[in-house]
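Participant: need a structure here:
(2 chains)
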Protein chains: 2
Amino acid sequence: MTDSVLDYMTRLGRAAREASRVTARATTAQKNNALLAVARALDGARVELLAANEKDLAAGRASGLDDAMLDRLALTPARIDEMIEGLRQVAALPDPIGSIRDMRYMPSGIQVGKMRVPLGVIGIVYESRPNVTIDAASLCLKSGNATILRGGSEAIHSNQAIARCIQLGLAEVGLPAACVQVVETTDRAAVGALITMPEFVDVIVPRGGKGLIERISRDAKVPVIKHLDGVCHVYIDVAADLDKAIRVADNAKTQRYAPCNAMETLLVHADVADRVLPPLASVYRDKQVELRGCERTRELLGSDVREAVEDDWFAEYNAPILAIRVVDSLEQAVEHINHYGSHHTDSIITENFSDARRFLTEVDSSSVMINASTRFADGFEYGLGAEIGISTDKLHARGPVGLDGLTSEKYVVFGDGHTRS
Amino acid sequence: MTDSVLDYMTRLGRAAREASRVTARATTAQKNNALLAVARALDGARVELLAANEKDLAAGRASGLDDAMLDRLALTPARIDEMIEGLRQVAALPDPIGSIRDMRYMPSGIQVGKMRVPLGVIGIVYESRPNVTIDAASLCLKSGNATILRGGSEAIHSNQAIARCIQLGLAEVGLPAACVQVVETTDRAAVGALITMPEFVDVIVPRGGKGLIERISRDAKVPVIKHLDGVCHVYIDVAADLDKAIRVADNAKTQRYAPCNAMETLLVHADVADRVLPPLASVYRDKQVELRGCERTRELLGSDVREAVEDDWFAEYNAPILAIRVVDSLEQAVEHINHYGSHHTDSIITENFSDARRFLTEVDSSSVMINASTRFADGFEYGLGAEIGISTDKLHARGPVGLDGLTSEKYVVFGDGHTRS
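Facilitator: Predicted structure coming up:
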């Protein structure tokens, strides 16, 4: 790492730590007004934003980025509208900071409860999509944290243009510029520095491909809120309502293929497989979904279904491909999910109370569902109002992470001169 | 690291991971019955426990352990009673596992809430006190986790004798032996292995001196629940009731000197310093507490008060020594605490509502108190029923860590064939 990048990141880190003391105390009105001011600044800078983005797109085309990458990179008037609307939505959310819960009298006479507080400084490392700059900055600011944002080098001009709008908004309400800092260098050493400064950064949230997240998890010296894989399952139980089963299994796979909460493996109880798999297969075939099955699946659906191999059970296709396995029992389904899954989101389709209860208890995933599509695993659908990511880890946040996941709780104690005896 | 130790620890880790699936599903009755069976086994093994402990004590005396270490190492009939009583208390606590909260209907029609689940496998690394073997094992088992316990080599015979009682209890209720495993080797490489097996161990809780905890935090590849320092403050505000101030400042320092929640620095507002410091100083002098003060403190109390240097403000004495500083404002007190403190426990003494409110909001510590002794920062005093340690980190558990700190929450979703549109 060059000294100059390390010096630069240390400067950002120190400034963020200082600014985090200000954001922690900022009033709800001040934070909301800042978010609305950023929204106005974006609205007033549409020409500059599109021009900056055009530079990134031109460079991207020149360097041979593929169409999917270029699409993620592109700002359009509609995407600017979405960023503005997102800021307004975050401003409208309740402020999590300072809320006190569970104050209770103890036998000693003291009252003890918990108060919600910001984490401090949050580092965000992300790729291509410039809108993450606004999404992440708004959630971190609303939750009283200072932020250091490090976008991809391919979006540097777009991100800098957005950063100028953020600065205008912060200045308008008198918050320090260092509340939200967008890293200005494209030197990759900046990421290495950001994720190894526990004295300045309290948590890292990576947003992007699996390679990025693996790299960051491996090298970080601060906690990382993340998920690596989304190998989600739907299990059609022996007691399933088959209409619901077909509806949910269709939706979980085909409503969108790319999201991490899309189903990748379908498990079907042997006693209902012959009734549910053929109609489901025809739904999938109509939508050009490639099926890969275990032996029993292929017996039912025909040998044009490709044989699923061990790797298929671990696979996150993020594509119109589905692995199907016939199982003999709920127990075998649970074992399959806990062994091959990624502890992300898994759903059982059943009308049987005891089967539902066992699945709920025994499946070790961040979201466990009964008779619902895995596609619901999402901060908005869960009522969090927004989402900075999804965590499949068990410590701190688990599942979709909203404002609360960017906060902590401290104990508060009220007494009247109480002493311990 | 020798291969054999690594192999041995890998074997323990794999067995713990498997056992954790059983503990996660164990019924409340099964877990409680196991705890009570261990209590009975301890009661029936008093002679063996004392004999095993005598071996450790003899070896300790031979190797020159100091009196404090030998005291911590010693088992006595009273300490065995305490372990038995502790097991009964943990058995009597409500089971945290499986509780579901906040189930709410969403606009889509699904119901979303959270269910409490075990973390999985917990590694405990501790020194000297053999009773930690029982304390930690009982909390981990009650919270549905498997445990690997690694005590100090100086307590190896005592810990093995206790481990045999635990095994008797587990066997009596039909739980696998690997639910609680006590490491049998004194090879230090075992610790290195334990804290770097994220595939088998979900969290490490170190219990012991600062050196141990620093080493583990630095080298661990799994999350660590810990606190390093307890530099706790009492701030006597300009609006303090001086009787309460003297009572609390006395208790916070002198009720016991060694605990991490004892006060190490007293801050006093300049406008009340001349009325409160002289009577307080005489309380401390009666108890042979050495005072170290800032210049203004020494003007008030006399030059036999030693001058406090920069290091004193950072010091955790755990001894009859107290640093005292006169400050000009609440703001200066808060700055001092956030700068020099360890984010453990800090208390303001004041009758002024606005001062109390500001202190509560602005002090960034795991416990913030008003008119109460810092000595209350404790799992039992907070009503947690038990405590596995105190965390000054912000992610996951913060403050005293009880059963809930050894658990996580997963999202649960109930639908009726719901699909996402």
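Participant: so A:Gln181 is in which element?
Facilitator: strand A:180-182 (DSSP states H and E).
Participant: ok, and does the helix or strand encompassing A:Pro206 reach over to chain B?
Facilitator: According to DSSP H and E, A:Pro206 maps onto strand A:203-207. Yes: counting by CB under 8 Å from any CB of the partner chain, chain B has neighbours in strand A:203-207: A:Val203. All C-beta spots, glycine's among them, are computed from the backbone N, C-alpha and C.
Participant: how close does the nearest residue to A:Ala356 once chain neighbours are set aside get to B:Glu154?
Facilitator: Nearest residue to A:Ala356, sequence neighbours excluded (CB to CB, 6 or more residues apart in numbering or on different chains): A:Ile370, at 4.8 Å. Distance, A:Ile370 to B:Glu154, by CB to CB, to the nearest Å: 52 Å.
Participant: same check, this time on A:Asn33
Facilitator: Going from A:Asn33 to B:Glu154 by CB to CB gives 60 Å.
Participant: cool, A:Tyr105 as well?
Facilitator: For A:Tyr105, the distance to B:Glu154 - CB to CB - is 42 Å.
Participant: what about those two, which has more around it?
Facilitator: Comparing A:Tyr105 with B:Glu154 by other CB atoms under 10 Å in any protein chain shown, the one with more neighbours is B:Glu154, at 22 against 11.
Participant: could you pull out the strands for the stretch 51-200 of chain A?
Facilitator: Ranges of strands in the stretch 51-200 of chain A, per DSSP state E, counting those that start in this stretch, are A:100-105, A:111-118, A:121-126, A:146-150, A:180-182.
Participant: note down every partner strand of the strand ranked longest in chain A and its orientation.
Facilitator: Counting residues, the longest strand found in chain A (DSSP state E) is strand A:407-418. Applying DSSP bridges to the sheet, strand A:407-418 is found paired with strand A:111-118 (antiparallel), strand B:367-372 (parallel).
Participant: state the mean pLDDT of the strand holding A:Pro206.
Facilitator: Computed over strand A:203-207, the mean pLDDT rounds to 94.
Participant: can you check stretch A:176-192 too?
Facilitator: The model assigns stretch A:176-192 a mean pLDDT of 95.
Participant: got it, and stretch A:390-398?
Facilitator: Across stretch A:390-398, pLDDT averages out at 90.
Participant: surely A:Thr265 is in contact with A:His233?
Facilitator: Yes: between A:Thr265 and A:His233 there is a contact under CB atoms under 8 Å: 5.1 Å.
Participant: anything in contact with each of these two?
Facilitator: Contact criterion CB atoms under 8 Å, 6 or more residues apart in numbering or on different chains; residues shared by A:Thr265 and A:His233: A:His336, A:Gly341.
Participant: closest to A:Leu322 out of the strands of the stretch 51-200 of chain A?
Facilitator: For A:Leu322, the closest of those is strand A:121-126, at 29.2 Å, according to CB to CB.
Participant: A:Ala41 touches A:Ala163, doesn't it?
Facilitator: No: between A:Ala41 and A:Ala163 there is no contact under CB under 8 Å: 10.7 Å.
Participant: picking that back up, buried stuff in the longest strand of chain A?
Facilitator: Buried residues in strand A:407-418, counted by 16 or more other CB atoms under 10 Å in any protein chain shown: A:Thr407, A:Ser408, A:Glu409, A:Lys410, A:Tyr411, A:Val412, A:Val413, A:Phe414, A:Gly415, A:Gly417, A:His418.
Participant: chain center to it, what's the gap?
Facilitator: Averaging C-alpha positions (CA atoms, centre = their mean, to the nearest Å) puts strand A:407-418 32 Å from its chain's average.
Participant: ok, stretch A:10-28 next?
Facilitator: 24 Å.
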